[in-house]
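1. Starting from these lines, generate the structure:
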Amino acid sequence: MKIKSTTILGVRVGKNIALGGDGQVTLGDMQLKSKAIKVREFGNGNVYAGFAGAAADAMSLFEKFEMKLDETNGNLQRAVVEMAKDWRMDKVLRELDALLAIMDRKSSFILSGTGDVIEPDNNIISIGSGSGFAIAAAKAFLKTGQKNPKQVVTDSLQITADLCIYTNDRITVLG
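-> Predicted coordinates for the structure are as follows:
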């Protein structure tokens with residue numbers, strides 16, 4: 001059985017950012033955990049990252065990403081590209097089952113084990129089971145003129161929790 005869970009959502013308004021995630025971990029039709037923390041700060045709080053997928057795999061990827069961020073002196077774009085290269089080419093890393101959403105005040109990236117580095121076209125980034133719902137809600141809040149990214153992320157994840165069975169309302173938001 002495959003473990004399913006998570007919605008991670010990041011929003012940038014000007015130079016202000018927020019990234020949040022729910023706390024649900026599901027195996028088949030059973031909730032295993034409701035208070036998982038799936039978002040983390042890096043680079044002295046300048047970079048936020050969240051994961052969707054297997055938690056142990058994501059922790060390994062977070063450690064590897066932190067090393068890459070240190071090696072590149074905090075240059076997020078270089079760290080992400082180097083991380084994607086390693087993830088794709090390393091036999092052990094390639095088997096890890098997770099996606100990462102990473103952002104700072106200037107850029108946002110989605111990383112996958114197949115070497116994908118996706119930079120979204122706008123100021124919203126999302127991964128996981130409920131990402132479509134979360135993006136739609138965030139776009140609607142931003143269109144109304146909401147300027148507080150932390151509030152947009154919180155409210156959007158609440159809406160997502162009402163719609164996606166793999167997302168709960170135990171939300172953690174950085175920002």
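2. For the helix ranked longest in the chain, which helices and strands make contact with it?
-> Criterion DSSP state H: the longest helix present in the chain is helix 55-71. In terms of contacts (3 or more CB pairs under 8 Å, 6 or more residues apart in numbering; DSSP states H and E), helix 55-71 is packed against strand 39-42, strand 47-53, helix 76-89, helix 91-94, strand 98-103. Quick note: C-beta positions are derived from backbone N, CA and C, even for glycine.
3. Give the rounded mean pLDDT of that helix.
-> Helix 55-71 comes out with an average pLDDT of 87.
4. Next, the buried residues of that helix.
-> 55, 57-58, 61-62, 64-66, 68-69 (16 or more other CB atoms under 10 Å).
5. who touches the closest residue to residue 83 other than its chain neighbours in this structure?
-> Leaving aside its sequence neighbours, residue 83 sits nearest to residue 68 (CB to CB, 6 or more residues apart in numbering; 4.7 Å). Residues counted as contacts of residue 68 (CB atoms under 8 Å, 6 or more residues apart in numbering) are 79-80, 82-83, 86.
6. Can you lay out those as a markdown table showing pLDDT and neighbour count?
-> Compiled in a markdown table, the contacts of residue 68 are given as follows (pLDDT from 0 to 100; neighbours: other CB atoms under 10 Å):
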| residue | pLDDT | neighbour count |
| --- | --- | --- |
| 79 | 96 | 24 |
| 80 | 95 | 25 |
| 82 | 92 | 18 |
| 83 | 90 | 25 |
| 86 | 83 | 17 |
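7. Just name whatever secondary elements the helix or strand containing residue 161 is in contact with.
-> Using DSSP states H and E, the element containing residue 161 is helix 149-163. Helices and strands touching helix 149-163, by 3+ CB pairs under 8 Å, 6+ apart, are strand 7-13, strand 16-21, helix 131-143, strand 172-174.
8. Of these, flag the one that's most buried.
-> Highest mean neighbour count among the helices and strands packed on helix 149-163 (mean count of other CB atoms under 10 Å): strand 7-13, with a mean of 28.
9. Would you mind giving the orientation angle of that one with respect to helix 131-143?
-> Angular relation of strand 7-13 and helix 131-143 on a 0 to 180 degree scale: 20 degrees, by axes from the mean of the first three to the mean of the last three CA atoms, to 10 degrees.
10. send the alpha carbons of strand 7-13 over as PDB?
-> C-alpha atoms of strand 7-13 as PDB (Å, rounded to 0.1, in the frame of the first residue of the first chain):
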ATOM      1  CA  THR A   7      -0.700  19.500   0.800                       C
ATOM      2  CA  ILE A   8       2.200  22.000   0.800                       C
ATOM      3  CA  LEU A   9       1.400  25.600  -0.300                       C
ATOM      4  CA  GLY A  10       3.700  28.600  -0.600                       C
ATOM      5  CA  VAL A  11       2.700  32.100  -1.400                       C
ATOM      6  CA  ARG A  12       4.800  35.200  -2.200                       C
ATOM      7  CA  VAL A  13       3.400  38.700  -2.000                       C
END
